[in-house]
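>>> Dropping a prediction and its sequence here:
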Amino acid sequence: MNIQNVLKGITIAIDGPSGAGKSTVAKLVARRLGYTYIDTGAMYRATAWKGNVFGLTLDNEQAWVDLAKTIRIAFPPDKDGGQRVLVDGMDITTQIRTPLITQLSSPVSAIPGVRRALVSLQQAMGRNGGVVMEGRDIGTVVFPNAELKIFIYASESTRAERRWKECQARGEDITLEQVLDSQRERDKRDSERADSPLKPAPESIMIDSDRLSIQVVVDKILALCKDKGAL
Ligand code: DC
């Protein structure tokens, strides 16, 4: 046990592509440790949602940057132990999960000025430690000194199937092929963009979620937290 790490809490960075199971795992780890959970993808989605409301087009990069610099994003807890997403005080938890915002958030997240603004918000949110932050560049850019870095991945087909089931549960009319196509396009853009592409930090612990249950992945991460003296 490391008294400093127990009292203050460590920083846990969880990165990986969409549909690999990051969010489910990150939330469970945060709950078990009593840490703050931060979904940085929701911040890019919230920015895309607000820009879309204002009718911004992707060629007007400066307008997106200005918007990202002034947006107010909050994650208050809801009564079921989950989290809401507020933009400038308005609850947009469900609005940021539509196919339109899912698609739009990818090119918006590739604008360097948008990333700079949101990364600095993320750094402020996690400044005091005791945080599980998930995204694409947490271990490489946002918290390169995080005590624990995890990279969760899974095969393309497993990820698409998971996403498709989520879409079906929300009543969206979309085929598995459409989900797969959109995932491929986003994966390509997220991992090939010039600024902070999706990639594991050299010291990341790689976890293949194809072959492991959620609980096994969570237990593995909690064991690593123990090694770091956080438990
Ligand atoms: O994790 P997600 O699908 O909710 O993320 C939405 C988009 O934001 C996705 O295209 C990747 C991007 N993103 C990013 O570039 N960096 C992050 N730290 C988190 C998400």
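Nice, I can see it.

>>> Now for the closest residue in space to Glu147 that isn't next to it in sequence, how many residues are close by?
Nearest residue to Glu147, sequence neighbours excluded (Cβ to Cβ, 6 or more residues apart in numbering): Ile10, at 4.0 Å. Every residue, glycine included, has its C-beta placed from N, CA and C. The number of residues packed near Ile10 is 22, by other Cβ atoms under 10 Å.

>>> same thing with Val29?
25.

>>> That one touches Val218, doesn't it?
Yes: between Val29 and Val218 there is a contact at 5.9 Å, judged by Cβ atoms under 8 Å.

>>> give me the low-pLDDT residue ranges for this protein?
1, 4 (pLDDT under 70).

>>> Show me what from it comes close to the ligand.
Residues of the chain lying close to the ligand (Cβ under 6 Å from any ligand atom) are 18, 40-41, 44-45, 105-106, 109, 135-137, 186, 190.

>>> could you dump those to JSON lines with neighbour count and distance to Asp80?
JSON lines is the format used below for these (neighbours: other Cβ atoms under 10 Å; distance: Cβ to Cβ, whole Å):
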{"residue": "Ser18", "neighbour count": "20", "distance to Asp80": "23"}
{"residue": "Thr40", "neighbour count": "23", "distance to Asp80": "22"}
{"residue": "Gly41", "neighbour count": "17", "distance to Asp80": "20"}
{"residue": "Tyr44", "neighbour count": "25", "distance to Asp80": "24"}
{"residue": "Arg45", "neighbour count": "26", "distance to Asp80": "20"}
{"residue": "Ser105", "neighbour count": "24", "distance to Asp80": "25"}
{"residue": "Ser106", "neighbour count": "20", "distance to Asp80": "29"}
{"residue": "Ser109", "neighbour count": "27", "distance to Asp80": "28"}
{"residue": "Gly135", "neighbour count": "28", "distance to Asp80": "24"}
{"residue": "Arg136", "neighbour count": "24", "distance to Asp80": "27"}
{"residue": "Asp137", "neighbour count": "23", "distance to Asp80": "30"}
{"residue": "Arg186", "neighbour count": "20", "distance to Asp80": "28"}
{"residue": "Asp190", "neighbour count": "20", "distance to Asp80": "30"}
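
>>> and the residue nearest the centre of the chain, what does it touch?
Geometric centre of the chain, nearest residue: Gly135, 3.2 Å, by Cα atoms, centre = their mean. Applying Cβ atoms under 8 Å, 6 or more residues apart in numbering to Gly135 gives the contacts Ile14, Asp15, Asp39, Thr40, Gly41, Gln122, Val142.
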